[in-house]
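Student: Dropping the sequence and predicted coords here.
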Amino acid sequence: MRKSIVFVVAALAGCGATVAGWNWYSHGRFIESTDNATVDGDIAGIAAKVSGRVAAVEVGDNQPVHAGDILLRIDDADYRAAVGQQAAALDAARAAVAVAEANLAVTRTAIAETRAQLHAAEAERVRAGADLARYAKLNAAQFASEQRMQSARADAAKANAEVERIAAALATQESRLALQAAERVQAQAQAESQTAALDAARIRLADTVIRAPIDGIVGNRGVRLGQFLSAGQQTMSVVPVAEVYVVANFKETQVARMRSGQPVEISVDAYKGRTFSGVVDSVSPGSGAMFSLLPPENATGNFTKIVQRIPVKIRLDQSARQALLIPGMSVEARVDTRGDEGPLSRANAFALRPADGQAPQTANR
């Protein structure tokens, strides 16, 4: 009887070892796991773009919000006054442009009139010159008096002087036209500058209303009614809990066969006995130590080799994103590396995430 029991126990142990060995050979040896992993998310920090006193806080702690929802309002009295001031300055600049254009029109009309006068004066000069030539011949033949000759000579000189005067006036008006054209350009530039200033004032006025940039839940709300905010001061955060992901820090000896698109099983400490699914998104281009505040300097005499951790980003499936997973939760990640046993390469290790709506692809090299 005792021998039979020993035989049965040995047989069961052999079967168990065989099953365990086969399970390890067909599945277990491809699984890379780590408990150095947390839920993470692209948390949006909400900061004030303009300074001012908080007039209203529209959200409470841990309140769900949608993109575009108003989070808080800053007193906008000063910014409304600035908009009114810039609008008045723009009206004045536009009026200056209108005045410059009117001056140009007047000067162009005066130039046209002066040119007509110049043509008339030139015709008069031609007539006076002809009279002078005719009376010169008559005077030489003793058919015209010396007085008439002097009068013709004076008329010719007067006609020449009138042509020169009008030509000078025309040149002055043309110079004035060029100056007024430059003044018009300057006035137009000033109007455009005032338009830009008004747009900037309106933007600053709009910035007194701070809205949620994404869907999520309000967290770390440190702003209170009546508080004075400076430009750039942090007020709260919006956590996109529906778009969280997992960052698992695997040992460098575990990532050789990891590829984008490989399936991942995730256990969250907050949900005992429940697992979630995901896929490998990408492998970090550097170890976690390289992105720390003080990166390691191994070119020293006291170097000690330490196994490094490589961050791996894991995208969760829809069912996992519907659960209450919030950044900071501790998880355990298990990556199934079957399907790609080739060497690690840049192409498959740092593969880009597939476009939304497309199924992830596993590299097979």
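Tutor: Sure thing, it's come through.
Student: Mind naming the longest helix for the chain?
Tutor: helix 77-140 (DSSP state H).
Student: Checking my notes, Ala56 in a helix, right?
Tutor: No: read with DSSP: H, G, I helix; E, B strand; the rest coil, Ala56 is strand and lies in no helix.
Student: Could you look up the SS state of the residue lying closest to it once chain neighbours are set aside?
Tutor: Closest residue to Ala56 apart from its sequence neighbours, by Cβ to Cβ, 6 or more residues apart in numbering: Arg73 at 4.4 Å. All C-beta atoms are positioned from the backbone trio N, CA, C, and that covers glycine. Secondary structure assignment for Arg73 (three-state DSSP): strand.
Student: ok, now which ones touch the residue nearest in space to the middle of the chain?
Tutor: The chain has Pro213 as the residue nearest its centroid, 13.5 Å off, counting by Cα atoms, centre = their mean. Neighbouring residues of Pro213 by Cβ atoms under 8 Å, 6 or more residues apart in numbering: 44, 46, 67, 238.
Student: tell me the two of those residues that are most distant?
Tutor: Largest separation among the contacts of Pro213 by Cβ to Cβ: Ile46 and Ala67, giving 12.3 Å.
Student: These two: which is more packed in?
Tutor: Per other Cβ atoms under 10 Å, whichever of Ile46 and Ala67 has more neighbours is Ile46, with 21 against 13.
Student: Give me the nearest residue to Trp177, chain neighbours excluded.
Tutor: Careful, residue 177 is Leu; it's not Trp. Nearest residue to Leu177 in three dimensions, chain neighbours excluded: Thr107, at 4.7 Å (Cβ to Cβ, 6+ apart).
Student: How about Gln308: what's its closest non-neighbour residue?
Tutor: Ser287 (4.1 Å).
Student: What number of residues are in the vicinity of that neighbour?
Tutor: Look at Ser287: counted by other Cβ under 10 Å, it has 17 neighbours.
Student: Quick check, pLDDT for the residue nearest to the centre of the chain.
Tutor: We have a pLDDT of 94 for Pro213.
Student: Report the secondary structure state of it.
Tutor: Three-state call for Pro213 (three-state DSSP): coil.
Student: before we move on, the earlier item: for the residue nearest to Leu177, give me its contacts.
Tutor: Counting by Cβ under 8 Å, 6+ apart, Thr107 touches 173, 176-177, 180.
Student: Go through these and name the one nearest Val307.
Tutor: For the contacts of Thr107, the closest approach to Val307 (Cβ to Cβ) belongs to Gln180, at 79.6 Å.
Student: And that closest one, which helix or strand is it part of?
Tutor: In the assignment (DSSP states H and E), Gln180 maps to helix 146-206.
Student: Give the other helices and strands that that helix contacts.
Tutor: helix 77-140 (3 or more Cβ pairs under 8 Å, 6 or more residues apart in numbering; DSSP states H and E).
Student: Could you export the contacts of Thr107 as TSV, including pLDDT and distance to Ala156?
Tutor: Output for those, formatted as TSV (pLDDT from 0 to 100; distance: Cβ to Cβ, whole Å):
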residue	pLDDT	distance to Ala156
Gln173	88	26
Arg176	88	31
Leu177	89	32
Gln180	88	36
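Student: that older thread, chain center to the longest helix of the chain: distance?
Tutor: Mean C-alpha position of helix 77-140 versus that of the full chain (Cα atoms, centre = their mean, to the nearest Å) differs by 49 Å.
Student: Over to stretch 71-90?
Tutor: Centroid separation for stretch 71-90 versus its chain: 24 Å, with Cα atoms, centre = their mean.
Student: average pLDDT for it?
Tutor: Averaging pLDDT along stretch 71-90 gives 95.
Student: Can you give the contact residues for it?
Tutor: Residues from elsewhere that reach stretch 71-90 (Cβ under 8 Å, 6+ apart): 46, 48, 50-59, 65, 191, 194-195, 197-198, 200-202, 204-205, 207-212, 218, 223, 229, 235-236, 238.
Student: Show me where the stretch 1-150 of the chain dips below the pLDDT cut-off.
Tutor: Counting by pLDDT under 70, the stretch 1-150 of the chain contains low-confidence ranges at 1, 3, 7-8, 19-28, 135, 139, 141-145.
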